[in-house]
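Novice: Below is the structure, and that's it, no one-letter string:
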């Protein structure tokens, strides 16, 4: 396994670093219509997280997603900027998730849910990332994420 670059959002900018995902801590599925959050332990001890925001619920087709956030740590920081679709950053995220799913390791959590439940939610999250609505640089400006 090689070390992969990762972006951390903090105060509206990205800080580059390198880390390896060790274990999936949990995947949460929220009642806001279908947002996901995945949290991982990392070899550098900082942790790694992803948040996929539900943008709307379409009748008959379920939740739709647009805003994908990537961050270091176990909680999404304020001022986090979404990942642009089809970007190198998104491709790296998809690669990390595919690798995590190819060799799943789930940390023993205190939520009482079996490891397979978290793995299945991670599969769903990856599928939703691949099908999410377009997010461009112009969208980030229009929605006030950046100026």
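Specialist: In hand now; what should we look at? Predicted model only: the values in this text are computed from it and were never measured.
Novice: now residue 21: how far from residue 73?
Specialist: The span separating residue 21 from residue 73 equals 14 Å under the rule C-beta to C-beta, to the nearest Å. No exception for glycine: its C-beta is placed from N, CA and C like everyone else's.
Novice: Now the common contact residues for those two.
Specialist: residue 48 (C-beta atoms under 8 Å, 6 or more residues apart in numbering).
Novice: which of those two has more neighbours?
Specialist: Neighbour count, other C-beta atoms under 10 Å: between residue 21 and residue 73, residue 21 has more, with 21 against 14.
Novice: Residue ranges in the protein under the pLDDT threshold?
Specialist: 1-17, 56-62, 109 (pLDDT under 70).
Novice: Tell me both backbone torsions, phi and psi, for the residue nearest to residue 37 when sequence neighbours are not counted.
Specialist: Distances taken as C-beta to C-beta, 6 or more residues apart in numbering put residue 28 closest to residue 37, at 4.6 Å, once the chain neighbours are dropped. Phi and psi for residue 28, reported as degrees, to the nearest 10, are phi -100, psi 140.
Novice: what about residue 28, how many residues close to it?
Specialist: 14.
Novice: Tell me the bridge partners for the residue positioned nearest the centre of the chain.
Specialist: By C-alpha atoms, centre = their mean, the chain has its centre lying nearest to residue 50, at 2.2 Å. Residue 50 has these beta-bridge partners by DSSP bridges: residue 38, residue 70.
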